[in-house]
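> A structural model of the following input is requested.
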Amino acid sequence: MKQLVGYCGLDCAQCEARIATINNDDELRAKTSKLWCEMNNTDEIKPEHINCLGCRTDGIKTYFCSCLCEVRKCSSGKGFETCAECSEKASCGKLAPFMSNEVARKNIQ
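Sure thing, here's the model as predicted:
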């Protein structure tokens, strides 16, 4: 499987956090922080936390991905490359929000 596919099936190559990190783009970090806070009902994701090279790659991860993402914790804890390997993926409440994303759904099926 492609190294830049996250545990949840999202494409890290298209992730705004990764793009902001590669381009050292503080404006995109702030925009991504705000969006992720709204999406995850938290205020813990600060612009300075938006540094990531990919969920499954070596190197830096965002605070959300390394500390808060329940999908990443679960899948990596089970030793899976992605949730696609999990027999419980169809009924998983952690994964459900990602299944509305066409790319994630395709990568996890």
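> outside of the helix or strand bottoming out on mean pLDDT in the chain, which residues touch it?
Lowest by mean pLDDT, DSSP states H and E among the helices and strands of the chain is helix 63, with a mean of 78. Helix 63 is contacted from outside by 44-46, 49, using C-beta atoms under 8 Å, 6 or more residues apart in numbering. (Glycine included, C-beta is placed from N, CA and C.)
> From the residues you listed, pick the one nearest Asp25.
His49 (14.4 Å; C-beta to C-beta).
> so what's the closest one up against?
33, 62-64 are the contacts of His49 under C-beta under 8 Å, 6+ apart.
> which one among these gets closest to Gly9?
Closest to Gly9, out of all of these and judged by C-beta to C-beta, is Phe64, at 16.3 Å.
> Quick check, the closest one in contact with Ile45.
Yes: Phe64 lies in contact with Ile45 (C-beta atoms under 8 Å); the separation is 5.1 Å.
> What residues of stretch 91-99 count as buried?
Within stretch 91-99, the residues that count as buried by 16 or more other C-beta atoms under 10 Å are 92, 94-95, 98-99.
> just stretch 47-67 next, same as before
For stretch 47-67, using 16+ other C-beta under 10 Å, the buried residues are 47, 49-56, 61-65.
> Most widely separated two among the residues you listed?
Most distant of these, by C-beta to C-beta, are Pro47 and Arg56, 23.4 Å apart.
> Check the gap between the residue in the chain sticking out farthest from the centre and Pro47 for me.
In terms of distance from the mean C-alpha position of the chain, Ser87 ranks first, at 20.4 Å (C-alpha atoms, centre = their mean). Computed as C-beta to C-beta, to the nearest Å, the Ser87 to Pro47 distance reads 38 Å.
> Thanks a lot, catch you later.
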